[in-house]
Every structure is written in structure tokens, then in C-alpha cells.
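**Q** Predicted model, plus sequence, below.
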Amino acid sequence: MSLVQRTLAALAALVAGLVLVVPFGATEGGTLPITEFPLVAGFALLAVLSLVRFRWALRIEADLILAALGAAGLLATLPTLEQAGPGFWLTLVASWLFAWVFAERLAGAITRKGISSRVGVLIPIVFGITILVAWEAVTRGGQVPKVLLPSPSGIFSSFIENIPKLIADFQQTFLKSVLIGYALGCGFGFIVAVAIDRSPFLKRGLLPLGNFVSALPLIGIAPIMVMWFGFDWPSKAAVVVIMTFFPMLVNTVAGLNVAGRMERDLMQTYAAGYWPSLIKLRLPAAAPFIFNALKINSTLALIGAIVAEFFGTPIVGMGFRISSEIGKLNVEMVWAEIAVAALAGSAFYWVVAIVERAVTFWHPSVRGGRA
């Protein structure tokens, strides 16, 4: 399959190089000749030469170099480009295909040749960079209005220009509302789950109530929390508590029941009561379920805090900034806030996942499925 993709990529690059003499990048002086695009021309030549893999094996790194060369050629033409022609789009397609070939070959090498799985981190990195390059090329080459979709370079410029605002919004939303609400919601959910497990009465009374709370719409809860706790971060933290409470409750209750009957009987033969059995047997067995809830809540908490800020907040916060800037049609600033939220949420999830691997190192899912 990779050979077919390589052939298509090479043909696309060859045609792109040939049609550079037609409107690929028109300026006030007319059509730009191929000599104005040395990177793209070199990319087209090397792409065709890469077809020697029909006779000789080509290293995986060559596909990555070709994809990077095609992307560099695209980005280099953008400052002088007024209207993209067929050569521009064919170069984009060719570069994308070479990146695809690289990712596919690397994934296959990791599976078949026993290459370290750590090298596999290159696949999402290359994929992400390819998305950004295609995004930049499409928005600027296709002259997409900024109101519809700004370019990554424009978003980055807005990010750099508004760093103080972004830091203040991050502190207000993430460090206050998200972290405090996350800790309280997960903590209360865990405590109630243990209480439900200890008491059949609470299991019949609190668990249905928890189901009811989980069904409450966020849009309806947020204004009520603002009325109760004010416009500052406590009302947003209260929304986060409600959103994170139920996933922790359900997962912990399920995890506490996962310990096998033989293990419980063994604890009884040691005359272990409820709390020793809970601490030494049932909580370790429930750890994967608990961390599953923690990972789910790491994203829910950020979403809940941002949405809650739409319904009343001081003049700071990610949700407030998104709402106010979209009203000004400052879409680049909105995307900058979205990028900060995405990075914060991903980092939060990554930290929880690292702690999970350290705590549940014994579990088959962490050990790669080896029993």
C-alpha cells in the first residue's frame, strides 16, 4: 500500500513541478517561473527519484525528508502568493502523501521489526505538523476569510500579542475553577462511593440520586450556581464539582466490586475486617476504574468551567474571553484561547495518565497486556 501512495505522491509532485509555469503564484508582474520556487522544484525532482524503491529499498527517513521539503516549499511560496493554482494544491497533496507513507511505514516497522514503541511518538507529531501545514496552506492559499477560519500563523501572532491576557484567563479558569472543582468533585465522589459500598441503604438511596444529578443539563446548572455563589470562580468550581462527581461515583462503585470471590474469602480467612480488606484488596483492584474516572473528569472539568463562564463572570477567564472576542469578530483571539484550553486539558490528562502508570504498574493494561 505504501508503494501505491509513494507513486501517487511522486506523480503529484512531478505534475506540480511541471505546471509551475502556469498560474501557481500570480503577482503584479505576472506568472512566477519555476526558478522562483527552488524548494518546490527540488521537492518534485526528489519525489520522482524516490521511485527507485521499485528497485532498491528506501529508508523511512527519506519519506519524512520529502514530506518536510514539500511542506517547506509550500510555506515559502505563501508570502508572494496571491492566488493558488493547480501546482500549489498538487504540492500539498504530494507532501501529505509522503507524510502518510512515513507514518504507515514507521507503524509497520514498530510492529514487525521490534523497534522501540517510544519512536512511535513521531507518528502523532508528524500527523499534527501535517495538519497545521495543510491548514496554513488552505486558509492562505485559498484566501479563506479570517472570520470563518484564521490561519495558524495568525492564531500564533494573536497568542504572542495577548500573552498577559491568556495567562490571566488561565489562572482564573484552570488554576482556580478547574483544579479546585476537580479535587472537590472527585473527592466527594470517591467518599460517597465508599459510603455506598459500606451501606446497602445508601446504595439504594444515593446511587439513584447520583444518576439524577448526572442528568442535569449544564446550561441549566450554571446560571443557578452563579446566583448561589456569585460571579467569581466559586460558582464555576461548583459546576465542575457537579460534573465530576458522578463519573467518579459510578467508576469507584464498579471498581470496588471487581475483586474476585476467592480473594475476598482469603481476606476473611485472615480475619480481616471491612477496612483492612478495603485498603489492601479492594481499593488496589479498583485503581484502574478510579483512574479512568480521573482521566474522564480531567477533560469534563475544563469544559464545565469554560461553559459556566458564559453565564456570568468577572472580566477575566477563558469562557469570558471567548464570548467577548467572538462578539468583536476577533476570531484569532478565540482560537488562541481554544489552543490554551486544549494544551491545558491535554497536559492535565497526561499528568493523570503518568500517575496512573506509576500506581497501577501491576495491571495488564499498563504492562502491555502481558499477564
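**A** Okay, I see it.

**Q** Where in this structure is the helix or strand with the lowest mean pLDDT?
**A** Here the helix or strand of the chain ranked lowest by mean pLDDT, DSSP states H and E is strand 30-31, holding a mean of 42.

**Q** State the distance from residue 66 to residue 76.
**A** Computed with C-beta to C-beta, to the nearest Å, the distance linking residue 66 and residue 76 is 16 Å. (Glycine included, C-beta is placed from N, CA and C.)

**Q** Those two: which has the busier surroundings?
**A** Neighbour count, other C-beta atoms under 10 Å: between residue 66 and residue 76, residue 66 has more, with 27 against 15.

**Q** sec struct for the more buried one, please.
**A** helix (DSSP: H, G, I helix; E, B strand; the rest coil).

**Q** which stretches of the protein have low pLDDT?
**A** 1-7, 9-11, 13-14, 16-41, 44-45, 48-58, 113-117, 214, 260-273, 363-371 (pLDDT under 70).

**Q** Domain ranges for it, per the record?
**A** Domain ranges of the chain: 2-144, 160-359, per automatic domain parsing.

**Q** so which of the ones you listed comes closest to residue 151?
**A** Nearest to residue 151 among the domains of the chain is domain 2-144 (4.2 Å), distances taken as C-beta to C-beta.

**Q** Buried residues in the helix or strand where residue 197 lies, which are they?
**A** Here residue 197 sits within helix 179-198, counting by DSSP states H and E. Going by neighbour count (16 or more other C-beta atoms under 10 Å), the buried part of helix 179-198 is 179-182, 184-186, 188-190, 192-194, 196-197.

**Q** just checking, what packs against the following helix or strand past it?
**A** Downstream of helix 179-198, the next assigned helix or strand under DSSP H and E is helix 200-214. Helix 200-214 sits against helix 179-198, helix 233-256, with contacts defined as 3 or more C-beta pairs under 8 Å, 6 or more residues apart in numbering; DSSP states H and E.

**Q** May I see those helices arranged in CSV, with distance to residue 139 as well?
**A** Compiled in CSV, the helices and strands packed on helix 200-214 are given as follows (distance: least, C-beta to C-beta, whole Å):
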stretch, distance to residue 139
helix 179-198, 35
helix 233-256, 33
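
**Q** Residue 325: which of those is closest?
**A** Using C-beta to C-beta, the nearest of the helices and strands packed on helix 200-214 to residue 325 is helix 233-256, at 18.6 Å.

**Q** Can I get the closest one as CSV, trimmed to CA atoms?
**A** Only the C-alpha atoms of helix 233-256 are listed here, as CSV (Å, rounded to 0.1, in the frame of the first residue of the first chain):
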residue,chain,number,x,y,z
TRP,A,233,-14.6,31.4,40.4
PRO,A,234,-16.5,29.6,43.2
SER,A,235,-19.6,29.4,41.1
LYS,A,236,-17.6,27.8,38.2
ALA,A,237,-15.9,25.4,40.7
ALA,A,238,-19.4,24.4,41.9
VAL,A,239,-20.4,23.5,38.3
VAL,A,240,-17.2,21.5,37.9
VAL,A,241,-18.0,19.6,41.2
ILE,A,242,-21.3,18.6,39.9
MET,A,243,-19.9,17.5,36.5
THR,A,244,-17.0,15.4,38.0
PHE,A,245,-19.0,13.9,40.9
PHE,A,246,-21.0,11.3,39.1
PRO,A,247,-18.2,9.7,36.9
MET,A,248,-16.1,9.2,40.0
LEU,A,249,-19.0,7.8,41.9
VAL,A,250,-20.0,5.2,39.3
ASN,A,251,-16.5,4.1,38.4
THR,A,252,-15.4,3.7,42.1
VAL,A,253,-18.6,1.7,42.9
ALA,A,254,-17.9,-0.6,40.0
GLY,A,255,-14.2,-0.9,40.9
LEU,A,256,-14.9,-1.8,44.5
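
**Q** Centre of the chain to it, how far?
**A** Centre-to-centre, helix 233-256 and its host chain are 22 Å apart (C-alpha atoms, centre = their mean, to the nearest Å).
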